[in-house]
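S.K.: how would this look folded up:
(one chain, ligands or ions: 2)
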Amino acid sequence: MKCWKKICQKVVVLNYGNGVKKIKIFDTTLRDGEQSPGATMSIEEKVMVARQLEKMGVDIIEAGFPVSSQKDFEGVQKIAKEINECEVCALSRCSKSDIDSAWNAIKKAKKPRIHVFLATSDIHLNHKLNISKEEAIMRIRESVSYAKSLCSNIEFSAEDATRTEISFLKMALNEAVKSGANTINIPDSVGYAQPKEYGEIIQAISSNPVFDEVTISVHCHDDLGLAVANSLSGIKNGAGQVECTVNGIGERAGNAALEEIVMAINTRKDYYPFETKINPKEIISSSKMVSDATKIFVQKNKAVVGANAFAHEAGIHQHGMIANPLCYEIINAESMGTETKLVIGRHSGKHAIISFMEKKSIPVNDTTIANAINAVKNSEKNEDIEQAIINACSTGVSNNARI
Ligand code: KIV
Ligand code: ZN
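M.R.: Ligands and ions are numbered 1, 2, ... in the order given. Prediction:
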């Protein structure tokens, strides 16, 4: 049975004091995100993105994998020196030289964290690492203990956790905790898990008293388009940290998108009794900065940060938006520092066209309305429709148009 004293202590640690559980945002745009093919950033760009992540309010910045290259090392080192509020984290395999490199890169940080990982699934143990389960446990013990001797803040990740036999996963995580890990991460490294299933794995770990004193973290990849759904399911089932990237960039199909997780929590407070420290007004500028630095463009219809996320063209939708934005927008555009756009196009209706005319101070009467509607409905692909309305209304000739 769970010890009540421990449960109460845990609640005190995780809550802001208002009864709402605080979820830590661990941003890995500069590590897992930068591992996206072709996304390599210069050191200056990485430092600029790190500053923006800090401004946006992330709790932890995973700045890179220092042993992977001298440039990565220098980038992490620079970020560690520049960042004040966030924890700065460096990734390391379970090897002494990796851990030394990670520590040397972040030791000047105000709040350093070493992130040690080892794969735990049979497929990785047998085919990639060629080691037994006993050897894996020994490596976890030695590496986490060694990292702990250098840095008080240690995260351990069981790579490919979702394809790991649950009893062995618990054993590996328990070994990491006994050796000093403060955070245990359960990655869906290949985006294989389904939301209910992933939630059950997190529940099986979070409900185990052995893990009461540590933060449970989720890290999901998007191979089946489920990274955000899986992450949210993990949070619902007891995780206190979510690992994510701006625009969802990352290995292969990417990681869970920070903006989608944060806005799901903010928008559905009734369903997710949690809060993060992210300032939604900084999300769109972060998205643009990461897109520019990585040259990975954001699709127009991308949730939350796509150019069309707050744009409406269909007549019925525009009418609803004019009547009350709640009709078709669940996220308040202003809360994100942006605005709703009523785009005039062939699908637009009378209400939006009149609203556009009023905005442009075009006289609104039966003739101008008819001319404007006619110009819109007969517009050609790629035509500047707004200019066409202005031209049509200035001719003064009446046209009969459908609505
Ligand atoms: O996807 C993954 O398993 C990782 C680990 C290194 C945490 O990125
Ligand atoms: Zn990953």
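S.K.: Pretty sure residue 154 sits against residue 116.
M.R.: Yes. Judged on Cβ atoms under 8 Å, residue 154 makes contact with residue 116 at a distance of 6.7 Å. (Glycine included, C-beta is placed from N, CA and C.)
S.K.: Quick check: residue 271 vs residue 167, distance?
M.R.: Distance of residue 271 to residue 167, computed by Cβ to Cβ, to the nearest Å: 32 Å.
S.K.: Show me which residues of this protein are close to ligand 1?
M.R.: 32, 117, 157, 159, 185, 187, 189, 219, 221 (Cβ under 6 Å from any ligand atom).
S.K.: contacting residues for the residue most central in space within the chain?
M.R.: Geometric centre of the chain, nearest residue: residue 258, 1.4 Å, by Cα atoms, centre = their mean. Residues in contact with residue 258 (Cβ atoms under 8 Å, 6 or more residues apart in numbering) are 25, 27, 29, 58, 244-246, 248, 278, 283.
S.K.: now, which of those residues sits nearest ligand 1?
M.R.: residue 245 (10.4 Å; Cβ to the nearest ligand atom).
S.K.: thinking again about what came up before, need the residues touching each of residue 154 and residue 116.
M.R.: With Cβ under 8 Å, 6+ apart as the test, residue 154 and residue 116 both reach 144, 147, 181.
S.K.: and the nearest residue to residue 364 once chain neighbours are set aside, how far is that from ligand 1?
M.R.: Spatially, and ignoring its direct neighbours in sequence, residue 364 is nearest to residue 357 (5.3 Å; Cβ to Cβ, 6 or more residues apart in numbering). Per Cβ to the nearest ligand atom, to the nearest Å, residue 357 is found 52 Å from ligand 1.
S.K.: Are any of the contacts of residue 258 buried, and if so which?
M.R.: Among the contacts of residue 258, the ones that count as buried by 16 or more other Cβ atoms under 10 Å are 25, 27, 29, 58, 244-246, 248, 278, 283.
S.K.: Which of the residues you listed fall within strands?
M.R.: 25, 27, 244 (DSSP state E).
S.K.: would TSV of those residues with pLDDT be doable?
M.R.: Shown next, in TSV, are those (pLDDT from 0 to 100):
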residue	pLDDT
25	99
27	99
244	98
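S.K.: List just the nearest of those residues to residue 173.
M.R.: The closest of these to residue 173 turns out to be residue 244 (Cβ to Cβ; 20.8 Å).
S.K.: hang on, residue 169 packs against residue 157?
M.R.: No. Residue 169 is beyond contact range of residue 157, at 11.4 Å (criterion: Cβ under 8 Å).
S.K.: quick one: which of these two has more around it?
M.R.: Set side by side, residue 169 and residue 157 show more neighbours around residue 157, with 25 against 22, by other Cβ atoms under 10 Å.
S.K.: how would you label the more buried one: helix, strand or coil?
M.R.: Following DSSP: H, G, I helix; E, B strand; the rest coil, we place residue 157 in the strand state.
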